[in-house]
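In: Model the structure of this input:
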Amino acid sequence: MPIAETSAAAIAASAGHLLWPEPQWVLDAVARGWEWARIQWRRAASQPGAWFDERKADAAVALFPRIFRLTLDRFAGKPFRLALWQEAIVRMLVGWKIPVEILDDEQSAPRIEQVRLFRRLMLWVPRKNGKSEFLAALALLFFVLDGVIGGEGFAFARDEKQGKIVFDKMKAMIAMSPGLADKAQSFKKSIWIPKIRAMFELLSGKPEGKHGRSPTVIVGDEMHEWHTAELANTLRQGTGARLEPIELYASTAGLKTNPTGWALWEESNAILDGRIDDPTSLIVIFAVEQEADWRDETIWPLANPSLGISPTMQFLRREASLAADNPRAEAHFRCYHLNQWIDAVTRWLSLKKWDACIADKNGWRTYTVADGEDFGEKMHAAGLAGRRCFGAFDISSTDDITALVWAFPPDDNNLKWKLVCRFWVPEDSIKKRVKNDRVSYDRWQKSYAITPTPGDYVDQDYVKRAVLEGLDVFEVASIGYDSWNATKLYTDLVKEGAPEELFQKMRQGHQTLGEPTKFFEKLVAFGNLDHGGHPVMRWMAGNTAVRFDENLNFVPNKKRSAEKIDGIVAAVMACGLAISAEEPVDLDGFFNSPVMVGA
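Out: From the prediction side, this is the model:
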């Protein structure tokens, strides 16, 4: 019997949304600007034979606060009461049914089964809106309460550590709910339901060795960070023997340079607007338009459906305030809180904030050594001689600038970090760069902001002498350098008697410079830095762009910056040495104090 003959709705599929008018909860969602609810309802209603099981949908929604408990902070242990957006998703997933023809293995004849229409959820929602809790509860709803004999469930993300976030919430919910705890047994990387012989497992995130599985429930978190979609595809291909498998995927936005995450985002939008015909995927997107004014509070609820509960408006306002005049923080806010995809490289420091980090706008001249002047005498006059500091040099490869920066942490008499910066450039390149690049090298040379060295490349002997001068005048704790192009200078310094143990290799990647870059940004943002107004450093601060990794950690990026940034890189390196040298704080007494234990 053809499937179309089994349902009156199939006869008038094109009029599906008239046969199934939008219920109040869909209208409520649309009233909040969530147009996806109307699109998905009408598309489901127009499928041949599709119908909405209101009784099942009502039962699933009512089940949440009775069975599931929230797991974190002030919500821990409280009944999981669905927000409107979560309720709409649950109703869509559970309620929409469609007839399918299967072969009855006992009678060897075709028969009709009513199964769920939606086989895949693609949820895009910003951080702190309860995504992980919701994903964990959905996984338990379909795995434990569906009761499929021999069911198989799998949770994964980019790696096992990230996949554990949702998986551990599933285990916590089981432990908190008597209705679940008496059905399921939790282990380190698995959940076992003895009565139906069903197993849910945490996977590593790598596709290798994952064939041969037959999933009923697939959970994938943080799609924007996936290196590949191969594991998701492998698991989906294993669902062929299952009648009602479900794939549950959720993510925030991320970097446009992640090909997998960006492709899944593009696919989701194409399905939602009808360019891709896939009625079995429920696409839910909470985001603001790319060109929207991110500072406009009235649009924040479009991307944050749980706003007011989590995140709070106070939290978003504070994050937005921190992002003002900070291009890097703005990109972070737009990505994580408005669900806008961002470029991997973005401009970093606000020159307005940079210019505010000056005790004396001509302070840099105090540290500058003109012809015939003695560096030690100038540092004594400036009150820097004998002070503890950390140094770093960034060596040019050809005709570029070489930078040496000394960073002085605050002490009893100085509340701010202070920078002493020195720069060298090949004399032969000055005229060329002034003419071709319109950079004021000639003016900087006349004011001794940069020092020319003879020839067409920087003579490292000049830098070596400057480092040795610093060792004589300051209490130098350590000096950082990038071994890629500074090994010769390091070797020459050691030969000249510089203590070998002072020098530390510092790679230019996220692992080494990630935390120092964040620290330096905060120094600038909160005005806790005095750079003396050095004109070359100001130019470099305006040039500097940062490169994000998939977790939105960031470091200065030379290749994509508008111009030279060597001084900023050296300053970040020097500050990094300083914060890594700080004494670890013993917190035992603090956490055992009456303040912490409530005595």
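In: Show me what counts as buried in stretch 508-515.
Out: In terms of neighbour count (16 or more other CB atoms under 10 Å), stretch 508-515 has its buried residues at 508, 510, 512-515. Where you see a C-beta, it was placed from the backbone N, CA and C, and this is true even at glycine.
In: Now render those residues as TSV, adding distance to residue 385 and pLDDT.
Out: Putting those into TSV (distance: CB to CB, whole Å; pLDDT from 0 to 100) gives the following:
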residue	distance to residue 385	pLDDT
508	31	79
510	36	86
512	30	86
513	29	90
514	33	91
515	30	94
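In: wait, which of those is closest to residue 295?
Out: residue 514 (27.3 Å; CB to CB).
In: Apart from its neighbours in sequence, what residue is nearest the closest one?
Out: Nearest residue to residue 514, sequence neighbours excluded (CB to CB, 6 or more residues apart in numbering): residue 553, at 4.6 Å.
In: The one you found: how many residues sit nearby?
Out: 16 (other CB atoms under 10 Å).
In: Then residue 270?
Out: Using other CB under 10 Å: residue 270 sits among 14 other residues.
In: Spell out the secondary structure type for the nearest residue to it once chain neighbours are set aside.
Out: Nearest residue to residue 270 in three dimensions, chain neighbours excluded: residue 276, at 4.3 Å (CB to CB, 6+ apart). With DSSP: H, G, I helix; E, B strand; the rest coil as the basis, residue 276 sits in coil.
In: just checking, residue 145 is part of a helix?
Out: No - according to three-state DSSP, the state of residue 145 is coil, so it is not within a helix.
In: Pretty sure it sits against residue 63.
Out: Yes - under the criterion of CB atoms under 8 Å, residue 145 makes contact with residue 63 at 7.3 Å.
In: Which one's more surrounded, these two?
Out: Using other CB under 10 Å as the criterion, residue 145 and residue 63 rank with residue 63 on top: 18 against 13.
In: can you tell me which residues contact that one?
Out: 141, 145 (CB atoms under 8 Å, 6 or more residues apart in numbering).
In: which secondary structure element contains it?
Out: Residue 63 belongs to helix 54-67 when elements are defined using DSSP states H and E.
In: Can you give me the buried ones in that helix?
Out: 57, 60-61, 63-64, 67.
In: mind saving the C-alpha coords of the helix or strand that comes right after it as PDB?
Out: For helix 54-67, the following helix or strand on the C-terminal side (DSSP H and E) is helix 84-95. Extracted in PDB, the C-alpha atoms of helix 84-95 (Å, rounded to 0.1, in the frame of the first residue of the first chain):
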ATOM      1  CA  LEU A  84       9.900  28.600  25.800                       C
ATOM      2  CA  TRP A  85      12.700  28.000  23.300                       C
ATOM      3  CA  GLN A  86      13.500  24.600  24.800                       C
ATOM      4  CA  GLU A  87       9.800  23.600  25.000                       C
ATOM      5  CA  ALA A  88       9.400  24.500  21.300                       C
ATOM      6  CA  ILE A  89      12.300  22.200  20.400                       C
ATOM      7  CA  VAL A  90      11.100  19.300  22.600                       C
ATOM      8  CA  ARG A  91       7.600  19.600  21.100                       C
ATOM      9  CA  MET A  92       8.900  19.700  17.500                       C
ATOM     10  CA  LEU A  93      11.200  16.700  18.000                       C
ATOM     11  CA  VAL A  94       8.700  14.500  19.900                       C
ATOM     12  CA  GLY A  95       5.400  15.600  18.300                       C
END
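In: circling back: if I read this right, the residue nearest to residue 270 contacts residue 269, doesn't it?
Out: No - Residue 276 is beyond contact range of residue 269, at 9.1 Å (criterion: CB under 8 Å).
In: Quick check: the two most widely separated of the buried residues of helix 54-67?
Out: Largest separation among the buried residues of helix 54-67 by CB to CB: 57 and 67, giving 15.8 Å.
In: and which of the buried residues of helix 54-67 is nearest residue 527?
Out: residue 64 (47.8 Å).
In: my guess is residue 338 meets residue 289, correct?
Out: No - using CB under 8 Å as the test, residue 338 is too far from residue 289 to be in contact (9.4 Å).
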